[in-house]
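**Student:** Here's a sequence, model it:
(4 chains, ligands or ions: 4)
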Amino acid sequence: MDRPVRELSYAQALQEAMAQAMEADERVFLMGEDIGVYGGAFQVTGDLVERFGEARVIDTPIAELGAAGVAVGAALCGQRPVFEFQFSDFATLAMEQIVNQAAKMRYMLGGAVSVPLVMRFPAGSGTGAAAQHSQSLEAWFAHVPGLKVVQPSTPHDAKGLLLSAIDDPDPVMIFEHKLLYKMKGPVPEEAYRVPIGKADIRRKGRDLTIVATAIMVHRALDAAAILAEEGIDVEVIDLRCLRPLDRDTLVESVSRTTRLLCVYEGVRTLGIGAEISAMIAESEAFDRLDAPIGRLGGAECPLPYNPEMEKAAVPQIPDIVAMARRLVRGTV
Amino acid sequence: MDRPVRELSYAQALQEAMAQAMEADERVFLMGEDIGVYGGAFQVTGDLVERFGEARVIDTPIAELGAAGVAVGAALCGQRPVFEFQFSDFATLAMEQIVNQAAKMRYMLGGAVSVPLVMRFPAGSGTGAAAQHSQSLEAWFAHVPGLKVVQPSTPHDAKGLLLSAIDDPDPVMIFEHKLLYKMKGPVPEEAYRVPIGKADIRRKGRDLTIVATAIMVHRALDAAAILAEEGIDVEVIDLRCLRPLDRDTLVESVSRTTRLLCVYEGVRTLGIGAEISAMIAESEAFDRLDAPIGRLGGAECPLPYNPEMEKAAVPQIPDIVAMARRLVRGTV
Amino acid sequence: MTVQMQIDRRANRPAVYDRLSNEQLRESLRRMHLIRQFEEGAEQAYMRGLIHGTMHLSIGQEASAVGVCVALGAADKITSTHRGHGHCIGKGADPKRMFAEFFGKETGYCRGRGGSMHIADPSQGNLGANGIVGGGLPIAVGAALAIRQQKRDDVVVCFFGDGASNEGAFHEALNMAALWTLPVVFVCENNQYGMSTSTARSMSVPNVADRAVAYNIPARIVDGNDFAAVAEAAFEATDRGRGGLGPSLIECKTYRIRGHSRSDRNRYRSKDEIDAWSRRDPIVRLEAELVGLGILAEADLAAIRQQVETEIEEGIAFAQESPPPAIADLLRDVTSEQP
Amino acid sequence: MTVQMQIDRRANRPAVYDRLSNEQLRESLRRMHLIRQFEEGAEQAYMRGLIHGTMHLSIGQEASAVGVCVALGAADKITSTHRGHGHCIGKGADPKRMFAEFFGKETGYCRGRGGSMHIADPSQGNLGANGIVGGGLPIAVGAALAIRQQKRDDVVVCFFGDGASNEGAFHEALNMAALWTLPVVFVCENNQYGMSTSTARSMSVPNVADRAVAYNIPARIVDGNDFAAVAEAAFEATDRGRGGLGPSLIECKTYRIRGHSRSDRNRYRSKDEIDAWSRRDPIVRLEAELVGLGILAEADLAAIRQQVETEIEEGIAFAQESPPPAIADLLRDVTSEQP
Ligand SMILES: Cc1ncc(C[n+]2csc(CCOP(=O)(O)OP(=O)(O)O)c2C)c(N)n1
Ligand SMILES: Cc1ncc(C[n+]2csc(CCOP(=O)(O)OP(=O)(O)O)c2C)c(N)n1
Ligand SMILES: [Mg+2]
Ligand SMILES: [Mg+2]
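**Tutor:** Ligands and ions are numbered 1, 2, ... in the order given. Prediction:
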């Protein structure tokens, strides 16, 4: 109880989850490009190949569709693959296996199988890698029945959600924001689980609910601190899971605060905020709303290379502050 | 003026658009699987290979990613490919070329190029072809800046939108509902255009705006006829274009009717109705709303094979009628 | 013609028959009949409006399905294709439950959710048909990886078509299988067409087997309408796989007698071509061979046909009488949590 | 070693030099220097924090870029890769505008929107680098299809890496190019690794060229650090393409001296290996050859180096002084309609 809580980076927390799962269950193995001796493009798998060997930390050829299919096949036959895309953008090559096979197999086969597959997607902008290495495509996956989609924002949740994902009998997609990998935070040593499907109220408030994902959770919390000084009391919810959505927590919060702002990095149109907004607009919370539902999402453009433009293309703290003020004080 | 208007099926209308475009512009050519002597899985290209030859009606190997990339390359070099996916589901194999290349190339290259590419996607359920041949994935594409996405519901719009798409300097995705191919309607003979980005008010009404897409437009009109007898006056808008959205028409209509119901076949979560709902909920129409915003979309499951289940998985006329009643008369 | 030569050469008993009991040979012939009559039954039911959707018949290709599966045990696995009824029956499926699936019934292999293109029976090692051309190729490699990880000596057979060999998935899957020396047998049923597109119009080499060298995978071309030739190649390849020597490719030259699917107008091929191949019917050939070798008598043939006919009739009756799934179960089995 | 033998054999003037003027040879050497110094300049700017993002340096691979491009005219096209600075300069790009792109400036080839991985110059036939491994392969085939449709006799060169040859896109693209006899030259720069993964650990055959037979495409393996050997193969292949004989594949065996990208710890290869390849520096070799053949004098070499140094300095200065894009233009060029 009194032990000082150990701090790990988000990447280290993910790595610890994989190591603990591999120790506990020999069916668990890792696949991906350059996850062995290189340690992964973002050093998430790090030295795991030295601990677990090349048979369980498999460097694949650059062949995303095929490798994803290999993971599906292994999962179908009782193994527990954890698959790393080097960048989430490359999942565009593997949508067939993810969406037509992994997501649908249990249903198509009338429940005769399950596909216990975990896929990890380093996502998001901010690294100057431009349009083909910076996307946030999580909303696509949240549109697909049969998948579960999580997006941890802290080292704690990264470890706990990854362990839950590995336990889960169904395909679970984990979206990891690249800018979070080096972020540190308390991470218990034991192999704890964070439940899939539960949002987390990170800050209680009375005037406005901000539902945010991934790095936007931190920006929302920073914005909330600024707004608090102005007398605006913001509740910040870390969505954590995009499919299934934690409807109860969201509806309850918005019914209380009477205002909603969704903040996410994916393209604004049809990003996850569209679903949250629509879900609230058709829910019992609708009648409690005292303001239009605000959304801040990625700009309607590919991610540009120039660093100032790149920043301008995704929500920043001042954008959140300004939008929150408008929702609480003004009319739109 | 007085000439009786000729009727064509939706498939024939598409075919006529392609034929007229090919006659007018030698850069236009067709690519796809079995679009030549077979005439296309849904007989949309029909006999065009006999008229235009194999050099302009190209049967590709079964290689969706590569063939899509060939179309991108040809478009980049001044040709005007019209690419047919045999079923929209197979686009999962080509998302890389569509999303990372075609959609982003102009932006990534600072405007130095454009990609005048048209892709046609036979989509939707109702043919008993089960989960891998029945999807409605249009919302994915509407989430991608750089693409334009249209979804004609009538033979008239099918021809006019396809001709506009072929003219367009940017990549345009056309989602065609398989159950509409045999539907007949008036189609002028000349090579007219229907503008991309404009919704169509198919029925004026006072009590509720229904925004529908593709086959749901017809179901919404049928529902509106039933509701009219009950004294509920429904406005039905055929969205026609998913990206860009015709915000003005939608906001104006909902401001007038004060109620909104979105009806679409794609999976409910993050289907196009999520965006329409969210767009209205943050717009100036929000303050005019007299009811929660309703959504009827595809069920949260893969499409089942059993015909009764398959029907139950997508909105039908009675579902629309019931939801409209609730929105107009009751509270949710 | 190579094919013709092979037939002449086997005037005597094929060597592979030493590995098969007479009972197994009889059962193989029975399964080929079962496939044929299953598909004819399904075709009729479809034409009578009893089945909806589409289906892809493999009539004429029964020898490759059964000739390969005869080399497999219950623990071995297969992945199949849209044209998968033969593989399914070859791997031991019950036509009753297949018909029930076609009729969309709760007693079907997929409880009516999958239909013709998704029949599977994981309990028998059948990982399923697939609606996506090439979709099963990497899945088979993954199944083989699981076998390796579980330290078993099973093999995986991956059925695919000539058309599928043009998909990138083919390239990626074969490369990984060879790179990792996995126990997969890639069985190409080259029926000369991918839908309407002949191999000459879709492939830059004449044979699918010509592609195997790019992966350092040994490949054999066999007469796919000759049960024994297929079985011989299958035993050789599965022996290799079980022995830890890695993947093989078998290209079965064959032909689908029916159209691609229900909507095919057969514009891309000639009646002569279809007739010529009909004369090479694999069932007729196997019957003649087994009788010639004294393994079966004419009376046995009649008995088999009769038994199969009854089984098919019973299967259709079972399917018709079975209950449909409850609409209330629409969201069941989307994930493992039940709604 | 094959490579060594080739060098010895060419004690005399390479035959391909008969197709190149001394001015072209001098310019080729100059471009190789330009690539080297461009990348060294970019590397320094990156380390000094002037450039963000990542970059993939091709130091050591200059001969394959320039040796291929010397066979191309302005109307010919190339598609390139994430490691594309060499191809870009080989095809005639101005280092000023390349630097400006690295610095994210409005004067850059992509007006600062693309960065290192997306530089293109369609006006010069450079269809662009690509951040997606294998992304350019089918695009090149499409460009060749356009050439055919426009009845031109240009060719397309498609650069790609050894790692890219494991992608399904490779298979699909090569099959279509061969099937349709299109004028594409597939140039594999086999630098032995895809990121950290050696060809032995990612490919089931030793050479990328071994894969060409699966498409009936003629393939040649050349010493990629030997300018003349590359140029000779490039002329042969482009002649074929222009003559309507279809695609070819050239595999240039080479090596990247730097790490894969800025984040590489080089754990997967030895210092010895890097040193051995550094001793086969393509620029040093071409210099020696041109001097040995009397085409250039030592003084010319110094002049070239000096001129390139100045050009690089000016390029960096140009980039630094150039204006950044206006943030207000964020949504410009998403589509052809401007906001
Ligand atoms: C990825 C994909 N592309 C296209 C199709 C449509 N399609 C179904 S079967 C088929 C032909 C397949 O040819 P082949 O692999 O030779 O198998 P065959 O039908 O001849 O048995 C096509 C094009 C599909 N189902 N999946
Ligand atoms: C589809 C895709 N997968 C993975 C990557 C990440 N990545 C970038 S370069 C590279 C290695 C490419 O190897 P190779 O083709 O041999 O080119 P080289 O870097 O050696 O020049 C990888 C894995 C990518 N950019 N795109
Ligand atoms: Mg075939
Ligand atoms: Mg390489």
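
**Student:** Counting neighbours, what do you get for C:R148?
**Tutor:** 18 (other C-beta atoms under 10 Å in any protein chain shown). Bear in mind the C-beta positions are built from the backbone N, C-alpha and C, glycine included.

**Student:** mind listing what it touches?
**Tutor:** Shown in contact with C:R148 (C-beta atoms under 8 Å, 6 or more residues apart in numbering or on different chains): C:180, C:182-183.

**Student:** And those, which is closest to D:E232?
**Tutor:** Nearest to D:E232 among the contacts of C:R148: C:W180, at 37.4 Å, using C-beta to C-beta.

**Student:** Would you check that the closest one makes contact with C:L145?
**Tutor:** Yes: counting by C-beta atoms under 8 Å, a contact exists between C:W180 and C:L145, whose distance comes to 6.9 Å.

**Student:** OK, contacts around the one residue in the stretch 51-200 of chain C that gets nearest to ligand 4?
**Tutor:** Residue nearest to ligand 4 within the stretch 51-200 of chain C (C-beta to the ion): C:N175, separated by 15.4 Å. Residues near C:N175 by C-beta under 8 Å, 6+ apart: A:61, A:63, A:66, C:215, D:166, D:203-204.

**Student:** go again using 10 Å as the cut-off
**Tutor:** Listed by C-beta atoms under 10 Å, 6 or more residues apart in numbering or on different chains, the contact set of C:N175 reads A:61, A:63, A:66, C:141, C:214-217, D:165-168, D:171, D:202-205, D:211.

**Student:** got it, and C:Q61?
**Tutor:** Applying C-beta under 10 Å, 6+ apart, we find C:Q61 in contact with C:32, C:35, C:83, C:85-87, C:161, C:189, C:191, C:224-225, C:252, C:254-258, C:282.

**Student:** How much space separates it from chain A?
**Tutor:** According to C-beta to the nearest C-beta, to the nearest Å, C:Q61 and chain A sit 24 Å apart.

**Student:** And for C:D275, the neighbour number?
**Tutor:** C:D275, neighbours per other C-beta under 10 Å, totals 10.

**Student:** That one belongs to a strand?
**Tutor:** No: assigned with DSSP: H, G, I helix; E, B strand; the rest coil, C:D275 falls outside any strand and is helix.

**Student:** Could you measure from it over to ligand 2?
**Tutor:** Note on C:D275: its distance to ligand 2, by C-beta to the nearest ligand atom, to the nearest Å, is 47 Å.

**Student:** number of nearby residues for the residue of the stretch 201-339 of chain C found nearest ligand 3?
**Tutor:** The minimum distance from the stretch 201-339 of chain C to ligand 3, using C-beta to the ion, falls at C:R256 (7.1 Å). C:R256 has 21 neighbours, counted by other C-beta under 10 Å.

**Student:** wait, it sits on C:Y193?
**Tutor:** Yes: with contacts counted by C-beta atoms under 10 Å, C:R256 reaches C:Y193, the gap being 7.5 Å.

**Student:** Show me whatever sits in contact with both of those two.
**Tutor:** Common contact partners of C:R256 and C:Y193 (C-beta under 10 Å, 6+ apart): C:161, C:264.

**Student:** show me what contacts A:L30?
**Tutor:** A:18, A:21-22, A:36, A:40, A:44-45, A:48-49, A:52, A:56-59, A:71, A:81-84, A:118, A:120.

**Student:** ok, the spatially most central residue of chain C - contacts?
**Tutor:** The centre of chain C sits closest to C:H87, judged by C-alpha atoms, centre = their mean, with a distance of 3.0 Å. By C-beta under 10 Å, 6+ apart, the contact set of C:H87 is C:35, C:58, C:61, C:64-66, C:68-69, C:78-81, C:93, C:119, C:126, C:128-129, C:157, C:159, C:187, C:189.

**Student:** And the helices in chain A?
**Tutor:** Secondary structure of chain A (DSSP state H): helices at A:10-24, A:48-52, A:64-76, A:95, A:105-108, A:138-142, A:155-167, A:215-229, A:247-257, A:272-281, A:307-312, A:317-329.

**Student:** What residues sit buried inside stretch A:173-187?
**Tutor:** For stretch A:173-187, the neighbour count (16 or more other C-beta atoms under 10 Å in any protein chain shown) marks A:173-181, A:183, A:185, A:187 as buried.

**Student:** Tell me which of those fall in strands.
**Tutor:** A:173-177, A:185 (DSSP state E).

**Student:** Make TSV out of the residues you listed and add pLDDT.
**Tutor:** Shown next, in TSV, are those (pLDDT from 0 to 100):
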residue	pLDDT
A:M173	99
A:I174	98
A:F175	98
A:E176	98
A:H177	98
A:G185	98
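
**Student:** State the distance from the residue nearest to the residue of the stretch 201-339 of chain C closest to ligand 3 when sequence neighbours are not counted to C:G84.
**Tutor:** Distances taken as C-beta to C-beta, 6 or more residues apart in numbering or on different chains place C:N191 nearest to C:R256, at 4.6 Å, with adjacent residues excluded. In this structure, C:N191 and C:G84 are 13 Å apart, going by C-beta to C-beta, to the nearest Å.

**Student:** neighbour count winner among these two?
**Tutor:** The neighbour comparison of C:N191 against C:G84 (other C-beta under 10 Å) goes to C:G84, with 29 against 24.

**Student:** mind listing what that one touches?
**Tutor:** Applying C-beta under 10 Å, 6+ apart, one finds that C:G84 lies in contact with C:56, C:58, C:65, C:78, C:90-91, C:93, C:116-120, C:126, C:128-131, C:136, C:159.

**Student:** ok, it to chain A distance?
**Tutor:** According to C-beta to the nearest C-beta, C:G84 and chain A sit 13 Å apart.

**Student:** any idea of the pLDDT on that residue?
**Tutor:** With respect to pLDDT, C:G84 scores 97.

**Student:** Likewise for A:D47?
**Tutor:** On pLDDT, A:D47 comes in at 97.

**Student:** for A:M1, same thing?
**Tutor:** pLDDT, A:M1: 52.

**Student:** Would you show me how to pick out the buried ones of the contacts of A:L30 in ChimeraX?
**Tutor:** Selection of the buried residues among the contacts of A:L30 in ChimeraX, burial being defined by 16+ other C-beta under 10 Å:
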select /A:18,21,22,36,40,44,45,48,49,52,56,57,58,59,71,81,82,83,84,118,120
